[in-house]
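**Q** Quick one, fold the following:
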Amino acid sequence: MNHNFFAMRARMKYINRWALMRNTQSENISEHSNDVAAIAHAIATIKNVRFDGTVNADRAAVLGLYHDMPEIITGDMPTPVKYHNETLRQAFAEVEDQACEKLLSMLPDDLRESYRSYFFHKDADAELWKIVKAADKIAALIKCIEEQNAGNTEFAQALLSTRKSIDAMHLPEANAFLDDFIGGFYLSLDEQSAT
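**A** Residues are numbered from 1 along each chain as shown. From the prediction side, this is the model:
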């Protein structure tokens, strides 16, 4: 029997982010998820090395890889719309859950439960999901910086609000990632290579 899970996953490259914003460089959810996975892994590693954490950095990366996969079905809902009010937020959460179930149904029966926790938050992964959420916001911050560097003022307010939302998470490991790495995103290639 043919199973379409990974064929659907490959379609992440067709779902663009930031639909309501003028972009100098488009970004799709496949690219974004790759960034989130790498950043989540780094944040988890920082937590373990610098803050005596015991989280699974590899699992954080995998959660990051799959965190936006339901958007293949739902599309990328702009944040101001998605979180406009509680009714919309809850309705969209239900749609996302249905999308997750649809995607899981595309796996062979014996693999579904192994993948379920990548789509539905479990208490055992609560700490990791906070890290993935921080990584998601940091990836958005990086996008804002890149657009600003390209002269696009459209992302100025998004940059400020995204940075504020990261600070509000109060995750020392996320703040450490910003302290160590975010400055490099303001540099040109020559400047990055020179350090």
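
**Q** Which elements pack onto the top helix by length along the chain?
**A** Counting residues, the longest helix found in the chain (DSSP state H) is helix 126-149. Under the contact definition 3 or more Cβ pairs under 8 Å, 6 or more residues apart in numbering; DSSP states H and E, helix 126-149 sits against helix 29-50, helix 57-66, helix 156-169, helix 172-181. No exception for glycine: its C-beta is placed from N, CA and C like everyone else's.

**Q** ok now that helix, how far from the chain's centre?
**A** Helix 126-149 has its average C-alpha position 6 Å from the chain's average C-alpha position, going by Cα atoms, centre = their mean, to the nearest Å.

**Q** Use 26 as the first number for this chain going forward.
**A** Okay, residue one is now 26; in that scheme the one you just asked about reads as helix 151-174.

**Q** quick one: that helix to helix 197-206, angle?
**A** Comparing the axes of helix 151-174 and helix 197-206 via axes from the mean of the first three to the mean of the last three Cα atoms, to 10 degrees yields an angle of 30 degrees.

**Q** If you count neighbours, what's buried in helix 151-174?
**A** Applying a neighbour-count criterion of 16 or more other Cβ atoms under 10 Å, one finds 152-173 buried in helix 151-174.

**Q** just stretch 122-135 next, same as before
**A** By neighbour count on 16+ other Cβ under 10 Å, the buried set for stretch 122-135 is 124, 125, 128, 129, 131, 132.

**Q** now stretch 26-33
**A** residue 30.

**Q** which other residues reach that stretch?
**A** Identification of contacts with stretch 26-33 by Cβ atoms under 8 Å, 6 or more residues apart in numbering yields 94, 97, 128, 129, 131, 132, 133, 140.

**Q** With distance to residue 34 as added columns, please give those residues in TSV.
**A** Output for the contacts of stretch 26-33, formatted as TSV (distance: Cβ to Cβ, whole Å):
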residue	distance to residue 34
94	6
97	7
128	8
129	12
131	9
132	11
133	15
140	11
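
**Q** Of those, which belong to helices?
**A** Per DSSP H, the contacts of stretch 26-33 map to helices at 97, 128, 129, 140.

**Q** For the second one, which residues are in contact?
**A** So that's residue 128. Residues in contact with residue 128 (Cβ under 8 Å, 6+ apart) are 30, 33, 94, 95, 97, 98, 144.

**Q** The same query, at a cut-off of 10 Å, please.
**A** Shown in contact with residue 128 (Cβ atoms under 10 Å, 6 or more residues apart in numbering): 29-30, 33-34, 91, 94-95, 97-98, 137, 140, 143-144.
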